[in-house]
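> Here you go, sequence then predicted model.
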Amino acid sequence: MRRKPYLGTIRNEIQSSLAYRGHFLFSLAGTVIYLIIAYFLWKAIFAASTGGNIGGVGFERAYLYVGISMSLAGIIQTSVDWSLSRLVTSGDIFRSLCRPQDLMATLFAESVGDGLVNCAVVGLPALVLSFALSGAGLPDLINVILFIPAVAIAFFLNFLIDFMTGLSVFALQSSRGVMNAKDSAILVLSGALVPLPFYPPGVRAVLEWLPFQALYNAPARILADGGAGLADALPFLAREAAWAVLFFILARILLSAGQHKLVVNGG
Amino acid sequence: MTSIRRYGRLYRLLFAQFLKSRMSYRTDFLVSLVFMLLWFLPSFFSVVVLFANIPSLAGWSLEELVFVYGFYMMAMAPNGLFFQNVWQLPTQIRNGGFIKYYFRPLNMLFYYMSEIIDINSLNGIPLGAGLMIWASIKLGIVWTATRIVGTLVLLASASLVVCAMMLAAASTAFWLTNSHSLLNLASRFRENARYPMTIFKGGFRFAFSVLVPIGFIAFYPSQLIIHPEGAGILPWLTPVAGLVSFGLACLVWTMGARKWSGTGT
Amino acid sequence: MNGIQIKDVTKHYRVLKRREGLSGSVRDLFSRNYSVVKAVDGISLNIEPGELVGFIGPNGAGKSTTIKMLSGVLEPTSGIIEVDGFVPYRQRRRYVQHIGIVFGQRTQLWWDLAVIESFKLLKEVYGIDDAAFTRNLGIFDEIAGLKELYGKPVRNLSLGQRMLCEIAASFIHDPSTIFLDEPTIGLDVEIRSKVRTIIKELNRVKGATVLLSSHDVGDIESLARRIVLIDKGKILYDGPTEKFNGIFGRYRTLRLDVHGLSESDIARLKAETAAHVQKNKEIVFGEVSSGWLGLSFDQDKIPLLELLTPILAAFAVKDIKVEEIEMEEVIRRVYEGALG
């Protein structure tokens, strides 16, 4: 697989992203507003709790998990599911599949370009704000360093999920329904909306083994939990990576199955 | 007024044509119902989980918040049904296809929105109603005629607020190139209408419930229905909020349409 | 007053200029760069009721902009427009009841519905009475055999069929004025003649004023008795089609399929042909595009055979096409004083 055209795609995407400065303002505004609302919400939740402690975590920790998750959402969320489903419904998918470049790699390169800009313009400020509002001090350097691969794997994993969701339009007609359902399910099951410690122990154990927590919970825990260090982060990273590999294989299988189906049916 | 009757006739005609063309709408409806449940259940589940840990949120119990949630879902339905075409506006404006709306002797907003009638949005009504009824039983609310009529008026007003938000956000497409993001922002913002406004303190309460009137989408109207005595003056202004916000949104739309035709494609 | 009056109309736009490259994109984040485009730069025109006028010019000449101003969508930057006593921009919703408009490539019918359902909706929108409605449907069928299309959803029609329906739809409410913007764009020869027929017949039968804009010279020549030539926002010619044809009708564009010929071969072809023809300044070679070389010539001065024989004898040209004069050629010659 030649590297050059993909690098070019990344650069093009960054350039066209920057042209839409309004987009970033709104994206950042949306995340900031969410963080402020979440602040009030969680303050109220803990005000109603016994002893300011729920499931073993206090406000600071809980808010950090939620805040980091939302900042991450700005970085790792791609519009690949939408663009892919639009390609399928419009029929342009044939043209894309006939090109020499691999469809998945091209879409990935595009989303990386988007992601990098999102990181700088939305993600980083949002992370800073999360830490500020939570009242926690700055995270340890080791956590920040370990956070980066965690985010990278989460990004890749989320891309794969979005990719497969987009492909599912082949089988299902209503694309909007699938995508909204997927977004909602992920936000809840990954601990982004409600931190995992809140769930009853049995449910929590199940959720921790699902791939979704690798998207938000794992990176958030790595960054937020002070004094965690390499030893604690590793199991999270390992599980994230395992899910990423599994989904990658799954996505490739689905893609070639879809390609095969197109070739056979001819649209 | 003959013009209202005319638009009514037109809309009925359009709706009938729309149904005729969507021959498979019945299966489509069921599929989308399933997905709506898949969308709804996880977030509802998270609310339940939350309340397993705390007795109340900012003075509101689980049953009361379920009522608010149900009201929210019902208030959202008309927007989904009639105003779904807002999402196409940035694209239509960008590729110039919007120009055709100037050529008919019709109100442009009506013409534009009538293009997409999303029947699947009706899903929210039985679901929302179910939640409201369950909660009202648990809370011992008596559904007198006054209460029912009042609730319908409040639902209508709340729907106007929702439509107004989306319409105003979409109308920025006449000026900005990437108003799709603003639409997304408005959409996400809207979801916070399910929370009790009492979590906000001071200036923020004003900003998040009046300035951007999400408080009037579900919380204040629900407050009026459940605790009319302790509600204060704000919830009574819900109908005003609905009319004013919708009027303003229509104004933005009209200004935008006029301005866009000035700069053309 | 009826008919169309355009007086000293201009339309200027402010256009955003994007800077180049990655660093340019970053600069664009912080400051914007605008320039002024004069789409229409002072035109005046009077059209009598019932006239069928052709509006021609190259892409970007200002034709579409003028039609948008005439239809009430755009407000002129300066000048006066009056159509049938209306000022289009000021009274849009009332005005639009009296005009029909077709924008080539864009559909105004309802995409998912059958053609007849679109017509019925229009009947409701314009308040057409039953008698007039049925009568018009009959006329459409008589002229273009549209009845067989009535039951089909618009999205299932071919581009040509759709265009016929769009044009019919623009006449359905008996408007006094019709604007057709590029109605034959993208159509093949067969369907194009059908489209021209329906326009001509509806203009004759209904007596509506028709303003037809196109960059296809053939459209105008066969339909309009009066031509208005526009370029860069100004009117270059406003007069009888006959006179225009007299000046330009004798020009033809000969296209040669030069796939496989080397660059030096092509250069040699050009040089030899020019030398062969005595009055060589009558031949103008174009650029090679998609493997075709265009050459414009005056067939009154140089018979086609005299041009072709030496070329075909010496060069391996695979195919030839003979077309009417190209718009770009017309403009070039006008600027060189062809209109005198």
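Right, received. Where do you want to start?
> Where is the longest helix in chain A?
Across chain A, the longest stretch assigned as helix under DSSP state H is helix A:229-265.
> Give the burial count for the spatially closest residue to B:Phe200 that is not a sequence neighbour, as a bare number.
Spatially, and ignoring its direct neighbours in sequence, B:Phe200 is nearest to A:Phe40 (5.2 Å; Cβ to Cβ, 6 or more residues apart in numbering or on different chains). Yep, even glycine has a C-beta here, placed from its N, CA and C like the rest. For A:Phe40, the count of nearby residues is 20 (other Cβ atoms under 10 Å in any protein chain shown).
> still on that earlier bit, helices or strands next to the longest helix of chain A in the packing?
On a contact count with 3 or more Cβ pairs under 8 Å, 6 or more residues apart in numbering or on different chains; DSSP states H and E, helix A:229-265 meets helix A:93-98, helix A:103-118, helix A:141-167, helix A:217-224.
> just to revisit the earlier point, confirm for me that the residue nearest to B:Phe200 is in contact with B:Gly203.
No: counting by Cβ atoms under 8 Å, B:Gly203 is not a contact partner of A:Phe40; they are 11.7 Å apart.
> Show residues contacting the helix ranked longest in chain C.
Identified as the longest helix of chain C according to DSSP H is helix C:189-206. With contacts defined as Cβ atoms under 8 Å, 6 or more residues apart in numbering or on different chains, helix C:189-206 is touched by C:50, C:52, C:139-140, C:143-144, C:158-161, C:163-164, C:167-168, C:171, C:174, C:178, C:180, C:183-184, C:187, C:208, C:210, C:212, C:218-219, C:222-223.
> and after that helix, which helix or strand comes next?
Per DSSP states H and E, the first helix or strand lying C-terminal to helix C:189-206 is strand C:209-214.
> need the contact list for A:Tyr103.
Let me fix one detail, which is that residue A:103 is Leu and not Tyr. Counting by Cβ under 8 Å, 6+ apart, A:Leu103 has contacts A:96-97, A:255.
> ah, wrong one, I meant C:Val330
C:56, C:217, C:229, C:248.
> Quick one: which of these is the most crowded by neighbours?
Highest neighbour count within the contacts of C:Val330: C:Ile56, with 27 neighbours (other Cβ under 10 Å).
> Roughly how far does that residue sit from chain B?
To chain B, C:Ile56 is 21 Å away according to Cβ to the nearest Cβ, to the nearest Å.
> repeat for C:Asp188
24 Å.
> Can you tell me the SS state at the spatially closest residue to that residue that is not a sequence neighbour?
Nearest residue to C:Asp188, sequence neighbours excluded (Cβ to Cβ, 6+ apart): C:Gly160, at 7.3 Å. Per DSSP: H, G, I helix; E, B strand; the rest coil, the local secondary structure of C:Gly160 is helix.
> for chain A, which spans come out with low pLDDT?
For chain A, the stretches flagged by pLDDT under 70 are A:1-5, A:15-21, A:170-175, A:226-232, A:262-267.
> Over in it, which residue gets nearest chain B? Let me know.
A:Gly177 (3.1 Å; Cβ to the nearest Cβ).
> My guess is that residue contacts B:Phe35. True?
Yes: assessed by Cβ under 8 Å, A:Gly177 is found in contact with B:Phe35 at 3.1 Å.
> Hmm, C:Arg93 is touching B:Pro105, no?
Yes: counting by Cβ under 8 Å, B:Pro105 is a contact partner of C:Arg93 at 5.3 Å.
> and the two? which has more neighbours close in?
Shown here are C:Arg93 and B:Pro105; by other Cβ under 10 Å, B:Pro105 has more neighbours (17 against 13).
> Would you mind measuring from the residue of the stretch 201-340 of chain C found nearest chain B to chain A?
When scored by Cβ to the nearest Cβ, the stretch 201-340 of chain C has C:Gly233 as its residue closest to chain B, at 13.6 Å. Counting by Cβ to the nearest Cβ, the gap from C:Gly233 to chain A is 28 Å.
> ranking the helices and strands packed on helix A:229-265 by burial, who's on top?
Burial of the helices and strands packed on helix A:229-265 is given as mean neighbour count (mean count of other Cβ atoms under 10 Å in any protein chain shown); helix A:217-224 ranks first at a mean of 27.
> Quick one: distance of it to the chain centre.
Here helix A:217-224 is found 13 Å from its chain centre; the criterion is Cα atoms, centre = their mean, to the nearest Å.
> Strands of the stretch 51-200 of chain C, residue ranges please.
For the stretch 51-200 of chain C, the strands defined by DSSP state E, counting those that start in this stretch cover C:52-56, C:78-83, C:99-103, C:177-181.
> Would you tell me whether the longest one gets close to chain B?
What that stands for is strand C:78-83. No: Strand C:78-83 stays clear of chain B (Cβ under 8 Å from any Cβ of the partner chain), getting no nearer than 13.5 Å.
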